[in-house]
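Novice: Quick one, what's the 3D model for this:
(one chain, ligands or ions: 2)
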Amino acid sequence: MKKVVKFGGSSLASARQFKKVKAIIDADKARGYVVPSAPGKRDGKDTKVTDLLYQCYEACAAGQSYKRILDQIKKRFDDIINGLDLDLNLDFEFDTIEENFKNKAGRAYAASRGEYLNGIIMSHYLGFPFVDAADVVFFDENGVFLPEKTNDELEARLASMKQAVIPGFYGSKPDGSIATFSRGGSDVTGSLVARALHADLYENWTDVSGFLVADPRIVEDPAPIETITYRELRELSYMGANVLHEDAIFPVRKEGIPINIKNTNRPSDPGTMIVESTSKKPSYTITGVAGKKGFCSIVIDKAMMNSEIGFGRKVLEVLEKNNISFEHLPSGIDTMTVYVHQSEFQEREQAIISGIHRAVHPDSIDLESDLALIAIVGRGMRSNLGVAARIFAALSHARINVKMIDQGSREMNVIIGIRDEDFENAIRAIYDVFVKTAL
Ligand SMILES: Nc1ncnc2c1ncn2[C@@H]1O[C@H](COP(=O)(O)OP(=O)(O)O)[C@@H](O)[C@H]1O
Ligand SMILES: N[C@@H](CC(=O)OP(=O)(O)O)C(=O)O
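Specialist: Ligands and ions are numbered 1, 2, ... in the order given. As a prediction, this is how the structure comes out:
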């Protein structure tokens, strides 16, 4: 039995948390492969070490003094080392980091040091060998992740190891410089290690007792999800339920390895099992609800649009040329709407509008910003009549105007567009109608 255990920043924020982690690892011999994140927040007002490292790098790159921030980072690690009574000194590592900062090792290098140093501490504390992620996780020269090369190397390196600590979040490029995944990317490393080892289980330890039906920062004490499929989870994590990085699903899914989301602070809670498929019925009609703010809609009107072959392609080509991805594409007879990320769109707004004018000569183009998208996801929705009706009734009762509705063709998700300002109330209204009234 082999288990890969990834501990998030909240599980490694202090010596006290490290002790809980060791107890969890000691409790099960199968927990041999450990992927740590950088120390996270100790309380609501604290700063993640990764954020301190980014700040430190920005200051250094701007030619400003960065010593104060670096000292703060050092103190975070020293407090952990001292709290664990370890015979370990990171002075040499910090000298190297400072040297590399001056030699312009880059932003990704700076950010990666949180996981690197936490990995060294974890390896000393557990007595497990340390494997630098730079030697086993690879990106190309443009920073694009290389899954197969990584898998081959990880497989070869770990084959003879019964235990290992492999820091999350980063890897290396062909020239030896460091690249990272996007924020929250230690989840991806954990998943890659699980795939390479053909592990029986990937345990992802965090500060909540599994995936919850809704974001606990919005809904008070939301119900936990006992079992969720990869597909449902992918929809929810893509739409903002950021317990697990959205790219962490693919590697384990390839191998059919289940993921168990667990709580370091309540290790005996069952947490959430993430599986390929399940015959278990979800507890509620919906499995989960999640969403994101910051979208903009481009509404394009043109009489007889429906008979103009290639209309949609031409519009999307304009976005492609401007390097913008689209999120949703609801359409009517003479109207087509494209939902895009506001921050990306606003940088190229005028170029895109004039491009669409030139490409399809519309009667009008209207823009609306500050929109949010919410995904209501669940395998149980297929067999339940009236899901859309309940969503609309709940939102109308909460006096929320729905701008867009899009039901996936697999009937497993409904996506709605609303105003940013209604976001939290909408999530609560949907949660209440499907979960609270069902309790
Ligand atoms: N649907 C959800 N279920 C559980 N947690 C959620 C959900 N949506 C958002 N979260 C947030 O995700 C956090 C856990 O993810 P993250 O901060 O990345 O943890 P870690 O530092 O352990 O990697 C929780 O503390 C919670 O605030
Ligand atoms: N430390 C990195 C990577 C990561 O995955 O962290 P966490 O496991 O705390 O979400 C970040 O803050 O983005």
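Novice: what packs against the helix ranked longest in the chain?
Specialist: In the chain, with assignment by DSSP state H, the single longest helix is helix 107-126. Packed against helix 107-126 by the contact rule (3 or more Cβ pairs under 8 Å, 6 or more residues apart in numbering; DSSP states H and E) you find helix 15-26, strand 31-36, helix 49-61, helix 67-83, helix 91-102, strand 164-165, strand 170-172, strand 178-180. Backbone N, C-alpha and C define where each C-beta goes, glycine included.
Novice: so where does the nearest residue to residue 353 once chain neighbours are set aside fall, helix or strand?
Specialist: Nearest residue to residue 353 in three dimensions, chain neighbours excluded: residue 365, at 5.8 Å (Cβ to Cβ, 6 or more residues apart in numbering). Applying DSSP states H and E as the criterion places residue 365 in strand 364-377.
Novice: For that strand, what does the pLDDT average out to?
Specialist: Mean pLDDT, computed over strand 364-377, is 94.
Novice: in that strand, what counts as buried?
Specialist: Buried residues in strand 364-377, counted by 16 or more other Cβ atoms under 10 Å: 365, 371-377.
Novice: What residue in this structure comes nearest to ligand 1?
Specialist: Using Cβ to the nearest ligand atom, the closest approach of the chain to ligand 1 is made by residue 8 at 2.0 Å.
Novice: got the phi/psi numbers for that residue?
Specialist: Dihedral pair for residue 8: phi -80, psi 170, per degrees, to the nearest 10.
Novice: Could you do the one 4 residues further on as well?
Specialist: In this entry, residue 12 is assigned phi and psi values of phi -130, psi 30 (degrees, to the nearest 10).
Novice: That one contacts residue 19, doesn't it?
Specialist: No - Residue 12 is not in contact with residue 19 according to Cβ atoms under 8 Å; the separation is 10.8 Å.
Novice: before we move on, what SS does residue 184 have?
Specialist: Of the three states, residue 184 takes coil under DSSP: H, G, I helix; E, B strand; the rest coil.
Novice: Which residue lies closest in space to it, excluding its sequence neighbours?
Specialist: Once flanking residues are discounted, residue 184 sits nearest to residue 245: 4.4 Å by Cβ to Cβ, 6+ apart.
Novice: right, and that neighbour touches residue 237 too?
Specialist: Yes - checked against Cβ under 8 Å, the pair residue 245 and residue 237 is within contact range at 7.1 Å.
Novice: in this protein, which ranges drop under the pLDDT threshold?
Specialist: Within the chain, the segments meeting pLDDT under 70 span 383-385, 409-411, 438-439.
Novice: just the helices in it please.
Specialist: In the chain, the segments counted as helices under DSSP H are 15-26, 49-61, 67-83, 91-102, 107-126, 147-158, 186-197, 230-238, 249-255, 311-321, 342-347, 349-360, 387-397, 423-431.
Novice: Against which helices or strands is the fourth one packed?
Specialist: In terms of contacts (3+ Cβ pairs under 8 Å, 6+ apart), helix 91-102 is packed against helix 49-61, helix 67-83, helix 107-126.
Novice: If the residue nearest to residue 353 is in a bridge, with which residues?
Specialist: Residue 365 has these beta-bridge partners by DSSP bridges: residue 300.
Novice: Distance-wise, check it relative to residue 349.
Specialist: Residue 365 sits 11 Å away from residue 349, going by Cβ to Cβ, to the nearest Å.
Novice: same check, this time on residue 212
Specialist: For residue 212, the distance to residue 349 equals 37 Å [Cβ to Cβ].
Novice: Would you mind measuring from residue 260 to residue 389?
Specialist: To residue 389, residue 260 is 35 Å away according to Cβ to Cβ.
Novice: Looking at the two now, which is surrounded by more residues?
Specialist: In this view residue 260 and residue 389 are compared by other Cβ atoms under 10 Å, and residue 260 has more residues nearby, 18 against 9.
Novice: Get me the contact residues on the stretch 251-400 of the chain for ligand 2.
Specialist: Counting by Cβ under 6 Å from any ligand atom, the stretch 251-400 of the chain comes close to ligand 2 at no residue.
Novice: In the stretch 251-400 of the chain, what residue lies closest to ligand 2?
Specialist: For the stretch 251-400 of the chain, Cβ to the nearest ligand atom, closest residue to ligand 2: residue 264, 11.4 Å.
Novice: Hmm, residue 206 and that residue touching each other?
Specialist: Yes - under the criterion of Cβ under 8 Å, residue 264 makes contact with residue 206 at 7.0 Å.
Novice: So the two - more neighbours on which side?
Specialist: Ranked by neighbour count (other Cβ under 10 Å), residue 264 and residue 206 place residue 206 first, with 24 against 19.
Novice: Now the terminal residues of stretch 209-223, how far apart.
Specialist: This stretch, stretch 209-223, spans 10 Å end to end (Cα to Cα, to the nearest Å).
Novice: Mind checking if that stretch is in reach of ligand 1?
Specialist: Yes - judged by Cβ under 6 Å from any ligand atom, stretch 209-223 comes into contact with ligand 1 through 211-212, 214-217.
Novice: Near the nearest residue to residue 368 once chain neighbours are set aside, how many other residues are there?
Specialist: If the residues on either side of it in the chain are set aside, residue 368 comes closest to residue 297, at 4.9 Å by Cβ to Cβ, 6+ apart. Using other Cβ under 10 Å, residue 297 is surrounded by 21 other residues.
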